[in-house]
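>>> Got a sequence here, can you build the structure:
(2 chains)
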Number of protein chains: 2
Amino acid sequence: IKAPHLTGFALKLFVWLIETPILRSIILKRQNELLRETVIPENPMFRPEFPQDPEPGVLVVDEDKDPADRVGSALDCLNPYDPFLYWTIRDYAHAYRSTPSTVVEHIISAVEEPPMPLLISFSAEEVRKQAAASTQRFLEGNPLSILDGIFMAIKDDIDCYPYPSRGATTWFDKVRAVKQDAVCVSRLRNCGVILIGKANMHELGMGTTGNNPNYGTARNPHSPDRYTGGSSSGPAALVASGLCSAAVGTDGGGSVRIPSSLCGIVGLKTTYARIDMEGSICDCGTVEVVSPLAATVEDVMLVYAAMGGSSIDDKISLNPLPNLSSLRSVRLGKYTEWFNDVHCPDISTKCEDALNLLEIILPELQEMRTAHIVSIGSEELTFDTRFSLALFRSFSATDYVSAQRLRRRIMYYHMEVFKKVDIIVTPTTGITAPKIPPSSLKFGESNYQVSGYLMRFILAGNLLGLPAISVPVGHDKEGLPIGLQLIGRPWGEASILRVASALEELKRPSLFHDIL
Amino acid sequence: IKAPHLTGFALKLFVWLIETPILRSIILKRQNELLRETVIPENPMFRPEFPQDPEPGVLVVDEDKDPADRVGSALDCLNPYDPFLYWTIRDYAHAYRSTPSTVVEHIISAVEEPPMPLLISFSAEEVRKQAAASTQRFLEGNPLSILDGIFMAIKDDIDCYPYPSRGATTWFDKVRAVKQDAVCVSRLRNCGVILIGKANMHELGMGTTGNNPNYGTARNPHSPDRYTGGSSSGPAALVASGLCSAAVGTDGGGSVRIPSSLCGIVGLKTTYARIDMEGSICDCGTVEVVSPLAATVEDVMLVYAAMGGSSIDDKISLNPLPNLSSLRSVRLGKYTEWFNDVHCPDISTKCEDALNLLEIILPELQEMRTAHIVSIGSEELTFDTRFSLALFRSFSATDYVSAQRLRRRIMYYHMEVFKKVDIIVTPTTGITAPKIPPSSLKFGESNYQVSGYLMRFILAGNLLGLPAISVPVGHDKEGLPIGLQLIGRPWGEASILRVASALEELKRPSLFHDIL
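Numbers count the residues shown, from 1 in each chain, chains lettered A, B, ... in the order given. Purely as a prediction, here's the structure:
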């Protein structure tokens, strides 16, 4: 898609123009001709339909169990806790002084004097209350789970009582009231998680930069003059800057993976239907999922274990395969031409280095050297259902059915690929964090070139409902994080988590809070 | 000194023979001839007498202050606390669950089912009582210092009420009762330290292996069929295996530095008179000091700061210069021939590597490349006042005075060297941890060849009262730790601590307890 790079008032003007139906049809006509002129014989696939080949070597957990029990199983899958060579005197001193009630005060100070708008809704009193309850549980020796007293933020398009869900608009809470937690949020709360508030995002998730003229634009903790990526901008910045251990976002077009990649943290897009969507603003789409972001793969896994569990409808129709631990031997696939289609060669180089490292870390991966060419035509995926509302509106019902036929065809291609490989590997984004043009802060920015680079490797995950994880694997010459994406089979979270944990390479950003 | 390698019953027999006065004089006559036939014109120096050149750039602390205040000053000298890239969920969970009362139970279980005899006196009840008091202070928000709730062990030749001080003998407590803590122990207790008991040692400190037929021989946590080194065998093994953050030992002939080197931890021999010796079994000698062992240089510094403070007599006569932080630019001296006089070339190679590393870490050290030849004649130091009681008894009063003349001459040589360099660098020991011959466990072992390698670089520190630190800098081909020794000017602890902290390279042993 070719489109002008617009910021500030020019963008505002363009949106007015494009929202006029006649003008819109003229401007966008050409974009849709490709789809209308293609004959696609497949039956439409209106939402992801998955083959069910259970992966060997994974721990199957009961998704109807208490979330705290699932977290316990996840904990058993991790390597023994061993962060230190030796516990030093200062480690003891810190541990003895830490209660949720002491830590919460560090968070409140950091959030109340924000260098950037990380939270859209926040109440110090509400957070203190949760921290006091958690502290009391520790005093009584009865914490609810390993997640008790852990601070997390919820993206503003997921319900977290008593806060409103505005989706970063100024009005959405007036048409939709929040009466209780979303299902995934209530699972976290049952594990003892302390929810600090509603995190900033790109308005209604309709953008990949995180630009937000309504509440201010969250900045990238690695370089505050750059974007976090979006749409889960606040969740990624909160985690990357050390204020939260984890956050919950939604990913319909990379909204968890893109900001994770740009902020140097880990973002897991779960399989479609893996986690009940009830209580998120977009709970009826077929591409979006609620998903965890965290600083490390192990933390993503613990939060994923707590949030997991599909809705009853999905359980009947899609039969999710809950699993946690993962495979000993994994075959990786890479489509070289796609892999190298990035703005800056640092990105493919670092991602390539990470793959070479896997040979050392997982020596049994003989197949990796003979990695198959993965037949994903990236040109077929430039069709992007989410680039803008205006684009959406230009599609007819016929277009929609055509797209669902195409969707089934692409799913077939992927399933053929997954007969040969377990994981498809790509960079997460084709650029590292882009600079924020000062003019964009007031009225926003539309830059399809940047969006194109940000979303280049993203869409299979959403269109086909595949699980995918972005894991930091290095940095470019300017020190900005580079993310590698691992795309797994349906229900294949366990495998991509295991491989991601072997690859992660973290680096603290320049903006960092030590709250413990 | 040439002597047979004796273990088991042969040693027992030899000791009986040598303790017979007539036989002893025949056997040992030759050893003392060297001393008696040498004319030494210097006045005797009966204990270390120090020139007082204050080092620039150090923080002077008041040694009469509350130990907790001194620890606070030491804390200010450390780099900011920053052990993590990110605090993970498991870091929080550990911190929230840690109180001295929870940690003490892990220690008690580990100590009560010992894989080796680490403690000679221990009372679970006594330790639980201290832990409960510390936990209460944290609940009230009033810990005494950063050392509150930190677990430490005291070598069995230093008083720690209510335990007896046996010096690892079976009888010493019958001739000398313990009515209160030694001065250094009481300073630690005032900072909130939890004292877990009396640590194993070589009987009366009269050996460098740690062999102990009375209570059993502590094993090296890096390789349980090897010695810890001695005489502070228990303190070194307790710290190296993770059971204590630090321990207090005594060093009269390497008894802190040798086991630190062999167990891969940090051992600081303080300047003679730096720390009040009152309450240690050997409180009237002129070579022995009480000194800290810990896993890291920063922990050694914190414990040193708490223990520091000379006796009134020493304050009048020796004028200690209390200091903590240290120099920006340090000149190192190395006497190559001495440096390379080791059993296994790995040791000099690793120590040499560590020195090369310093060039990178302390780039201002121009002088290091032109390091001066240090005029320590190691042949002059083979005279060892502590090799065995039998040897001691063979010296006459004239011998003793001759030795004190020699001591003044050697002090003069060293002070000449310290005009040119700030620190003299040597390996700590000439061998890594030696194997324990099974026959030695019942009656002990005398192996002067091993002792010679263990003590080769040790004695200047004791004879001249100089501060010296052993810091782990690497491992030999069998994975056994290698220690580097830094010998400083009188009162020069600050400089050797700073350089040691730039060099330390830790590795967990195979026997390790995670008690936090």
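
>>> quick one: secondary structure of A:Ile196?
Remark: A:Ile196 carries the secondary structure label strand [criterion: DSSP: H, G, I helix; E, B strand; the rest coil].

>>> Contact partners for it?
Contact criterion Cβ atoms under 8 Å, 6 or more residues apart in numbering or on different chains gives A:Ile107, A:Val111, A:Leu119, A:Phe122, A:Val127, A:Phe151, A:Met152, A:Ala153, A:Leu243, A:Cys244 as the residues in contact with A:Ile196. C-beta coordinates here come from the backbone N, C-alpha and C atoms, glycine included.

>>> Contacts only, for the second one.
Going by Cβ under 8 Å, 6+ apart, A:Val111 touches A:Leu118, A:Leu119, A:Phe122, A:Ile196, A:Gly197, A:Leu243.

>>> Excluding sequence neighbours, find me the nearest residue to A:Val471.
For A:Val471, the nearest residue in space outside its immediate sequence neighbours is A:Ala500; the separation is 4.1 Å by Cβ to Cβ, 6 or more residues apart in numbering or on different chains.

>>> That neighbour contacts A:Thr296, doesn't it?
No - A:Ala500 lies out of contact with A:Thr296 (Cβ atoms under 8 Å); the separation is 9.7 Å.

>>> Find the residues that touch each one of these two.
The overlap between the contact sets of A:Ala500 and A:Thr296 (Cβ under 8 Å, 6+ apart) consists of A:Val266.

>>> For the residue in the stretch 301-450 of chain A positioned nearest to chain B, grab the count of nearby residues.
Across the stretch 301-450 of chain A, no residue is closer to chain B than A:Leu302, which sits at 5.4 Å (Cβ to the nearest Cβ). Close neighbours of A:Leu302, defined as other Cβ atoms under 10 Å in any protein chain shown, add up to 31.

>>> measure it to A:Ile150 for me?
When distances are taken as Cβ to Cβ, to the nearest Å, A:Leu302 and A:Ile150 turn out to be 9 Å apart.

>>> before we move on, what about A:Ser260?
As judged by Cβ to Cβ, A:Ser260 and A:Ile150 stand 18 Å apart.

>>> Name the residue in these two with the higher neighbour count.
Neighbour totals were compared for A:Ser260 and A:Ile150, and A:Ser260 leads with 39 against 30 (other Cβ under 10 Å).

>>> Could you report the pLDDT at that one?
As predicted, A:Ser260 sits at a pLDDT of 95.

>>> what about it, is that helix, strand or coil?
helix.

>>> Hmm, it is touching A:Leu454, no?
No - taking contact to mean Cβ under 8 Å, the distance of 12.0 Å between A:Ser260 and A:Leu454 leaves them out of contact.

>>> For the two, list the residues in contact with both.
With contacts taken as Cβ under 8 Å, 6+ apart, A:Ser260 and A:Leu454 have A:Gly229 as neighbours in common.

>>> The closest residue to A:Ala74 other than its chain neighbours: which element?
Distances taken as Cβ to Cβ, 6+ apart place A:Ala305 nearest to A:Ala74, at 3.5 Å, with adjacent residues excluded. Using DSSP states H and E, A:Ala305 sits in helix A:297-307.

>>> what do you get for A:Asp91?
Using DSSP H and E, A:Asp91 falls in helix A:89-97.

>>> could you give the angle of the helix or strand following that helix to helix B:89-97?
Downstream of helix A:89-97, the next assigned helix or strand under DSSP H and E is helix A:100-112. In this structure, helix A:100-112 runs at an angle of 130 degrees to helix B:89-97, with axes from the mean of the first three to the mean of the last three Cα atoms, to 10 degrees as the basis.

>>> right, and the helix or strand after helix A:100-112?
Using DSSP H and E, the helix or strand that follows helix A:100-112 in sequence is strand A:119-121.

>>> Can you pull out the low-pLDDT segments for chain A?
Confidence mapping of chain A against pLDDT under 70 gives the ranges A:1-40, A:51-57, A:82-84, A:114-116, A:319, A:321-330, A:357-397.

>>> Try it again at 50.
Within chain A, the set of residues satisfying pLDDT under 50 comprises A:1-2, A:326-328, A:362-393.

>>> for the nearest residue to A:Ile108 once chain neighbours are set aside, phi and psi?
If the residues on either side of it in the chain are set aside, A:Ile108 comes closest to A:Ala124, at 4.8 Å by Cβ to Cβ, 6+ apart. Comment: the main-chain dihedrals of A:Ala124 come out as phi -60, psi -40, following degrees, to the nearest 10.

>>> Quick check, A:Ala124 in contact with A:Glu112.
Yes - taking Cβ under 8 Å as the contact criterion, A:Ala124 and A:Glu112 are neighbours in contact, 6.9 Å apart.

>>> Looking only at neighbour counts, state which of those two leads.
Legend: neighbour count by other Cβ under 10 Å for A:Ala124 and A:Glu112, higher for A:Ala124 (16 against 10).

>>> Tell me who's in contact with the residue lying closest to A:Thr271 once chain neighbours are set aside.
Counting by Cβ to Cβ, 6+ apart, A:Thr271 lies nearest to A:Pro467, which is 4.4 Å off, once chain neighbours are set aside. By Cβ under 8 Å, 6+ apart, the contact list for A:Pro467 reads A:268-271, A:274, A:461, A:487-493, A:496.

>>> which residues touch the residue of chain A positioned farthest from its centre?
Among the C-alpha atoms of chain A, the one most distant from their mean position (Cα atoms, centre = their mean) is that of A:Ile89, at 37.4 Å. A:Ile89 makes contact with B:Ile146, B:Leu147, B:Ile150, B:Ser245, B:Ala246, B:Ala294, B:Glu298, B:Asp299, B:Leu302, B:Val303, according to Cβ under 8 Å, 6+ apart.

>>> do A:Pro162 as well
For A:Pro162, the contacting residues are A:Glu126, A:Val178, by Cβ under 8 Å, 6+ apart.

>>> sorry, back to before: so the residue nearest to A:Val471: helix, strand or coil?
Looking at A:Ala500 with three-state DSSP, the answer is helix.

>>> How is whichever residue of the stretch 351-500 of chain A sits closest to chain B assigned, secondary-structure-wise?
Distances between the stretch 351-500 of chain A and chain B by Cβ to the nearest Cβ are smallest at A:Pro472, namely 10.7 Å. Of the three states, A:Pro472 takes strand according to three-state DSSP.

>>> In this structure it contacts A:Pro509, no?
No - at 10.9 Å, A:Pro472 and A:Pro509 do not qualify as touching, with contact defined as Cβ under 8 Å.

>>> which residues are common contacts for those two?
By Cβ under 8 Å, 6+ apart, the residues touching both A:Pro472 and A:Pro509 are A:Gly264.

>>> Specify which residue of the two has the higher count of neighbours.
When A:Pro472 is set against A:Pro509 and neighbours are counted by other Cβ under 10 Å, the residue ahead is A:Pro472, at 30 against 20.

>>> Now for that one: which residues touch it?
If you count contacts by Cβ under 8 Å, 6+ apart, A:Pro472 has them with A:260-261, A:264-266, A:481-484, A:504-507.

>>> repeat that for 10 Å
If a contact means Cβ atoms under 10 Å, 6 or more residues apart in numbering or on different chains, then A:Pro472 has A:240, A:260-267, A:295-297, A:350, A:354, A:428, A:481-484, A:500, A:503-507 as its contacts.
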